[in-house]
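Q: Sequence first, then the predicted structure:
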Amino acid sequence: MINILIVDDSNDKVAHIIKVIRDYSENILVDIVIDFVSAQKLLMTHRYDLLILDINLPIRQGDMPSLEIGKNLLNEINRKPNILSPYYIISITQYIDECKAFSNVWQTVQYLPELIEWKEPLISLIKHINKTGITETRSTNIEPTIFLEGKTDECILKEAIRLFKPEMTELVILKSEKSGGASWVARQIIAWSFSLKKDSKGYVKAIGLVDGDLAGRNANEEINRVIKPDSAESKTFKVFKLSPSYARHIIPIKQKGLDLPVALEEMFDSSYWKYAKEEGWIEPRTNADSLLVNPERWNKFEISLKDYLMSIGLTEEENLYLNCFKNECKEKLIKHLFDLEENHRRLAFKSFEKLVEEIYEHFFC
């Protein structure tokens with residue numbers, strides 16, 4: 001099994017690279033990150049056979065990329081003893097003219113999707129890694145995997161699986177990043193699908209679980225853009241989007257004209273939101289006007305948004321969902337839920353029962 005780390009923010013390029021590698025070695029494990037900090041973090045805990053690096057990187061997700069950051073990452077790999085140096089490194093980049101002196105050891109090749117010249121050095125390197133035999137004794141079981149937007153989501157879904165489908169606990173892997181978000185889920189699904197992971201029964205499947213907000217919709221659209229329908233890659237995964245079909249207590253709010261995006265927190269009924277309000281864990285949404293299904297019905301020149309929202313007939317409990325959880329308080333919600341007695345915890349997680357059942361059916365039925 002060849003362990004590969006790709007540091008690149010282009011989903012199309014990553015998919016293209018993985019497809020080329022897969023044609024010459026089916027036994028691959030691929031991790032994807034897009035920034036300096038995430039790459040360095042992984043390199044401190046994993047020794048990769050191959051690092052594929054685009055030098056135009058941001059320091060952190062959301063920062064502006066710079067050609068110097070990729071060079072700095074290579075310098076850190078060479079300099080820091082706590083970083084596990086990959087056995088092989090190759091830079092595949094559009095910025096070939098700026099990379100003349102990128103490394104005295106490792107090769108840099110120009111990436112142009114419409115050309116084939118960049119593929120030959122990569123193929124030669126994969127063949128060489130296979131020939132060295134460094135991966136021959138390495139065996140890794142590929143298991144069904146669920147990719148989630150963050151650590152809070154992972155904790156909550158893990159507990160929901162334990163409550164409603166405990167036999168699945170040892171059969172699936174849950175993965176997330178602290179600040180990953182829906183775009184991180186999309187990248188992992190794309191990498192997974194193009195890797196075409198198999199076991200004796202066929203393709204090993206993955207799930208991407210995203211919130212029902214704009215970021216979740218954009219992630220799903222990006223996956224569908226990169227992965228062609230009815231392709232082999234499309235058969236390896238499914239995207240689940242949180243919605244009122246799971247959180248049925250949200251349906252009356254939608255019927256009153258508010259398109260409330262369902263995240264993991266909205267999956268819990270109003271009694272837990274009431275407790276959260278008393279504890280100071282929630283705050284008003286800054287974009288409540290964007291929730292209006294029919295915004296033209298609100299005459300903003302005659303009535304305030306607050307008064308308009310009161311006029312559509314929301315109950316006191318439903319009004320709680322016009323707030324959102326403060327980021328620093330999400331872990332407090334988890335602790336409160338996990339401190340509940342087993343029967344009360346099962347009741348609190350009731351909206352997850354249908355979701356867990358559908359996840360089980362996707363993987364094992």
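A: That came in fine, so what should we check first? Numbering: from 1, shown residues only.

Q: What strand or helix carries Leu29?
A: strand 28-33 (DSSP states H and E).

Q: and the next element down the chain from that strand?
A: Using DSSP H and E, the helix or strand that follows strand 28-33 towards the C-terminus is helix 36-43.

Q: Distance from that following helix to the middle of the chain?
A: 16 Å (CA atoms, centre = their mean, to the nearest Å).

Q: Show me what it is packed against.
A: Judged by 3 or more CB pairs under 8 Å, 6 or more residues apart in numbering; DSSP states H and E, helix 36-43 is in contact with strand 2-7, strand 28-33, helix 67-79. Where you see a C-beta, it was placed from the backbone N, CA and C, and this is true even at glycine.

Q: Could you tell me which strands sit next to the first one in the sheet, and their orientation?
A: Taking DSSP bridges as the criterion, strand 2-7 forms sheet pairs with strand 28-33 (parallel), strand 50-53 (parallel).

Q: Which one of these lies nearest to Lys235?
A: Between Lys235 and these, the tightest spacing by CB to CB is seen for strand 28-33, at 18.0 Å.

Q: related to what we said a few turns ago, contacts for the strand holding Leu29 next, please.
A: Applying CB atoms under 8 Å, 6 or more residues apart in numbering, the contact partners of strand 28-33 are 1-8, 14, 18, 21-22, 39, 42, 46, 48, 140, 142, 187-188, 190-191, 195.

Q: Got a PyMOL select line for the buried ones in these?
A: Selecting only the buried entries of the contacts of strand 28-33 in PyMOL, with 16 or more other CB atoms under 10 Å as the criterion:
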select buried, resi 1+2+3+4+5+6+7+8+14+18+21+22+39+42+48+142+187+188+190+191+195
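
Q: Low-confidence stretches in this structure?
A: Scanning the chain with the threshold set as pLDDT under 70 gives 97-102, 136-140.

Q: Dump stretch 246-264 to CSV, restricted to CA.
A: Once non-C-alpha atoms are left out, stretch 246-264 reads as follows in CSV (Å, rounded to 0.1, in the frame of the first residue of the first chain):
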residue,chain,number,x,y,z
TYR,A,246,-34.4,14.0,9.9
ALA,A,247,-35.1,17.0,12.3
ARG,A,248,-38.9,16.9,12.0
HIS,A,249,-39.3,19.5,14.7
ILE,A,250,-38.0,22.0,12.1
ILE,A,251,-40.8,21.3,9.6
PRO,A,252,-43.4,23.7,11.2
ILE,A,253,-40.8,26.5,11.0
LYS,A,254,-40.3,25.8,7.3
GLN,A,255,-44.1,25.8,6.8
LYS,A,256,-44.2,29.3,8.3
GLY,A,257,-41.8,30.6,5.6
LEU,A,258,-38.3,30.1,7.1
ASP,A,259,-35.8,27.9,5.3
LEU,A,260,-33.8,27.1,8.4
PRO,A,261,-30.5,25.3,7.5
VAL,A,262,-30.1,22.1,9.5
ALA,A,263,-26.7,21.6,11.1
LEU,A,264,-26.0,19.1,13.9
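
Q: Would you mind finding the most buried of the strands paired with strand 2-7?
A: strand 50-53 (a mean of 24; mean count of other CB atoms under 10 Å).

Q: Output that strand as CSV, restricted to C-alpha atoms.
A: Extracted in CSV, the C-alpha atoms of strand 50-53 (Å, rounded to 0.1, in the frame of the first residue of the first chain):
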residue,chain,number,x,y,z
LEU,A,50,5.3,10.1,-1.5
LEU,A,51,4.5,13.8,-1.0
ILE,A,52,3.0,15.6,-4.1
LEU,A,53,3.3,19.3,-3.5
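
Q: starting at the chain centroid, how far to it?
A: Strand 50-53 sits 20 Å away from the centroid of its parent chain (CA atoms, centre = their mean).

Q: outside of it, which residues touch it?
A: Contact with strand 50-53 is made by 2-8, 17, 43, 70, 73-74, 77, 86-93, 122, 125-126, 129, as judged by CB under 8 Å, 6+ apart.

Q: swap in stretch 345-361?
A: Applying CB under 8 Å, 6+ apart, the external contacts of stretch 345-361 come out as 146, 156-157, 159-161, 163-165, 168, 172, 207, 240, 242, 245-249, 267-269, 272, 337-338, 340.

Q: Now do the strands in the stretch 51-200 of the chain.
A: Along the stretch 51-200 of the chain, counting by DSSP state E, counting those that start in this stretch, strands occupy 88-93, 107-110, 145-148, 173-175, 198-199.

Q: Let's see the third one as CSV, backbone CA atoms only.
A: Presented in CSV, the C-alpha positions along strand 145-148 are these (Å, rounded to 0.1, in the frame of the first residue of the first chain):
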residue,chain,number,x,y,z
THR,A,145,-15.6,5.9,6.2
ILE,A,146,-17.8,8.8,7.1
PHE,A,147,-16.3,12.3,6.5
LEU,A,148,-17.8,15.1,8.7
